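Asker: Give me the fold of what follows.
(chains A and B)
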Amino acid sequence: MFADYVLRHHAMRLDVRDMHLWRGDHHLLRGISFSLQGGQLIQIQGHNGAGKTSLLRCVAGLLPVESGECLWNGVPTQRALMAFNQSILYLGHSQALKLDLTSKENLEFAMGLRQHVTSAQVLNALTLVGIPQCAELPVRVLSAGQRRRVALAQLVLTNSPLWILDEPTTNLDAQGVAMLEGLMTHHLQQGGAIITAAHQPLLAAHPARREWMLH
Amino acid sequence: MSVSGHTLSPFTQFALILRRDLRLAVRRWDQVLQPLVFFVVVITLFPLAISPELSELRRIATGILWVAAMLASLLAGEALFRPDLEDGVMEQWVLTGQPLPWLLLAKTVGHWLLTGFPLVLVAPWVATALGVEFDHWRLMILTLALGTALLSVLGAIGAALTVGLRRGNMLMAMLVLPLEMPVLIFGAKALDFGLQGDVVTGPLSVLAAMLLLGLVLGPFAMAAAIRIGVE
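Answerer: Sure, this is the predicted structure:
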């Protein structure tokens, strides 16, 4: 039981300081500041178009930060981009799945670029997210919820300490949400950190959870 | 930290990307065959349109071969990065924490193997329709292999630059065509010299030098363009 509480990840710290972002003339992010440490979860909330996705993409380094800074363990992420990228797992709106490849192949190729994965690990991950029967099926024939689960299987496989999850519950049923919350709890126990944007509260009762409202 | 990304060999990644693209190609073979079919059809149409007189065709054979190869490569290049960008795979590649130019080089090599290399292999046969004797197959494979590889690299740079645009195809052709002119000129020259029994080392060396330069510098240009494209 206690084995679960062994910290898998070293101490880590993400600091976002006074982040601003303009999209055209629209001042989207107006001075966002927060910090996040191992074991903590931040849920970004806000109405549609409030800039949740943009904020997550800024943190991940997909959008250049126009003003303000984003520090990973005290170092600006832009200065040590490769090391930072290895430390994060970003799951966006688009699930980055090839429709003509099977679930198993998709995961092997996606994770294989980042770390060593065996097909036994991939099968295990697909079992944990509840779709072992889909392993050999092309993603094209899967339902939207099943595709989401394939993408979420990366959470089981990854070694990255910081998860950035953009609307991870889209298309998931109640069991799927419970499964996702289980994965998130486990990650937080191991010393990982999560920043997520979702409309429904995730892990609402978790002691290390904070909400950030975007206006 | 248990991040094991550091220990991953770059060659494993290269092989992984090649394997992925070959596997995807097997499942979407109709798209892969498109440039090859285009190349063969264009070349075999010329004898019908001009004259079946082989001596007449032989004079313009090298030009036809190279223009057809260039247009086929342009046709193929358009779909190089777009599918991966649209389904979000490119975004994940940017975030792998691995050198993006290396990943894109692997993608370009895979692209050449699927669209350029088959064209090189059929060229000696197809060229017989234009009056070029089959004996010249070695020369033809050598020049076209160098040339199509270079066209793939240049096409990949153009594809990366226009990948974020909704109607990027037209722009890509306009961007890439001027860059491809030297390939056309030196490639056609090399083949021409060879067919007339002259020494081909001159134009061939220029082609090879341009290819090396493209292979070394091209991926960095692609990576910079892709980073902007995923924004």
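
Asker: residue contacts, residue 142?
Answerer: Answering for chain A, as no chain was given. Under the criterion of Cβ atoms under 8 Å, 6 or more residues apart in numbering or on different chains, the neighbours of A:Leu142 are A:103, A:131, A:134, A:150. Any C-beta I mention is one placed from the backbone N, CA and C, and that applies to glycine too.

Asker: let's do chain B instead
Answerer: By Cβ under 8 Å, 6+ apart, the contact set of B:Leu142 is B:Leu204.

Asker: Can you mark which positions in the helix or strand hosting it are buried?
Answerer: According to DSSP states H and E, B:Leu142 maps onto helix B:137-162. Residues of helix B:137-162 classed as buried: B:137, B:139-140, B:142-162 (neighbour count, 16 or more other Cβ atoms under 10 Å in any protein chain shown).

Asker: cool, stretch A:34-45 as well?
Answerer: Residues A:34, A:36, A:38-45 are the ones in stretch A:34-45 that count as buried (16+ other Cβ under 10 Å).

Asker: ends of it, how far apart?
Answerer: 14 Å (Cα to Cα, to the nearest Å).

Asker: Give me the contact list for that stretch.
Answerer: Against stretch A:34-45 from outside (Cβ under 8 Å, 6+ apart): A:7, A:9-16, A:52, A:55-56, A:161-162, A:184, A:188-189, A:191-199, A:201-203, A:206, A:208-214.

Asker: Return only those of those residues found close to chain B.
Answerer: Among the contacts of stretch A:34-45, the residues that sit close to chain B (Cβ under 8 Å from any Cβ of the partner chain) are A:9-10, A:161.

Asker: low-scoring stretches of chain A, by residue?
Answerer: Residues of chain A that meet the criterion pLDDT under 70 lie in A:1-7.

Asker: Counting residues, which helix of it comes out longest?
Answerer: What stands out as the longest helix in chain A, according to DSSP state H, is helix A:174-189.

Asker: Run through who's touching that helix.
Answerer: A:4-5, A:39-41, A:128-130, A:145, A:148-149, A:152, A:155-156, A:163, A:168-169, A:172, A:194, A:200, A:202-203, A:206, A:208.

Asker: filter the contacts of stretch A:34-45 to the buried ones?
Answerer: The neighbour-count criterion (16+ other Cβ under 10 Å) marks A:9, A:12, A:14-16, A:52, A:55-56, A:161-162, A:184, A:188, A:191-198, A:202-203, A:206, A:209, A:212, A:214 among the contacts of stretch A:34-45 as buried.

Asker: Hmm, A:Ser160 and A:Ala193 touching each other?
Answerer: No. Contact criterion Cβ atoms under 8 Å: A:Ala193 and A:Ser160 do not qualify, at 10.1 Å.

Asker: which residues do those two both contact?
Answerer: With Cβ under 8 Å, 6+ apart, A:Ala193 and A:Ser160 have no common neighbours.

Asker: nearest spatial neighbour of the residue nearest the centre of chain B, skipping sequence neighbours?
Answerer: Chain B has B:Ser152 as the residue nearest its centroid, 2.6 Å off, counting by Cα atoms, centre = their mean. Leaving aside its sequence neighbours, B:Ser152 sits nearest to B:Trp112 (Cβ to Cβ, 6 or more residues apart in numbering or on different chains; 4.1 Å).

Asker: Could you check how many residues crowd around that neighbour?
Answerer: A total of 22 residues lie near B:Trp112 under the criterion other Cβ atoms under 10 Å in any protein chain shown.

Asker: who touches B:Leu57 in this structure?
Answerer: So B:Leu57 contacts B:46-47, B:50-51, B:129-131 (Cβ under 8 Å, 6+ apart).

Asker: what does the average pLDDT come to for the helix holding B:Leu142?
Answerer: Per-residue pLDDT values over helix B:137-162 give a mean of 95.

Asker: So what's the gap between that helix and the chain middle?
Answerer: Averaging C-alpha positions (Cα atoms, centre = their mean, to the nearest Å) puts helix B:137-162 4 Å from its chain's average.

Asker: what's the angle from the helix or strand just after it to helix B:137-162?
Answerer: Next along the chain after helix B:137-162, taking DSSP H and E as the criterion, comes helix B:168-195. Orientation check (axes from the mean of the first three to the mean of the last three Cα atoms, to 10 degrees): helix B:168-195 against helix B:137-162 gives 160 degrees.

Asker: re earlier: residues in contact with the residue nearest to B:Ser152?
Answerer: Counted by Cβ under 8 Å, 6+ apart, B:Trp112 has contacts B:148-149, B:152.

Asker: could these go into a markdown table alongside distance to A:Asp25?
Answerer: Converted to a markdown table, those look like this (distance: Cβ to Cβ, whole Å):
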| residue | distance to A:Asp25 |
| --- | --- |
| B:Thr148 | 46 |
| B:Ala149 | 45 |
| B:Ser152 | 41 |
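
Asker: B:Arg19 versus the residue lying closest to B:Leu104 once chain neighbours are set aside, what's the distance?
Answerer: Distances taken as Cβ to Cβ, 6+ apart put B:Met222 closest to B:Leu104, at 4.5 Å, once the chain neighbours are dropped. Distance, B:Met222 to B:Arg19, using Cβ to Cβ, to the nearest Å: 20 Å.

Asker: So between those two, which is more surrounded?
Answerer: B:Met222 (28 against 16).

Asker: so that one is in which element?
Answerer: Assigned by DSSP H and E, B:Met222 belongs to helix B:201-229.

Asker: can you map out the strands along chain A?
Answerer: Assigned strands in chain A, in chain order: A:13-23, A:26-37, A:41-45, A:67-72, A:75-76, A:88-91, A:162-166, A:193-197, A:209-213 (criterion: DSSP state E).

Asker: Flag the shaky bits of chain B, pLDDT-wise.
Answerer: Ranges of chain B meeting pLDDT under 70: B:1-7.

Asker: Chain A against chain B: which residues are in contact?
Answerer: Proximity of chain A to chain B, by Cβ under 8 Å from any Cβ, involves residues A:8-10, A:60-64, A:81-88, A:90, A:92-101, A:105, A:109-110, A:112-116, A:138, A:159-161.
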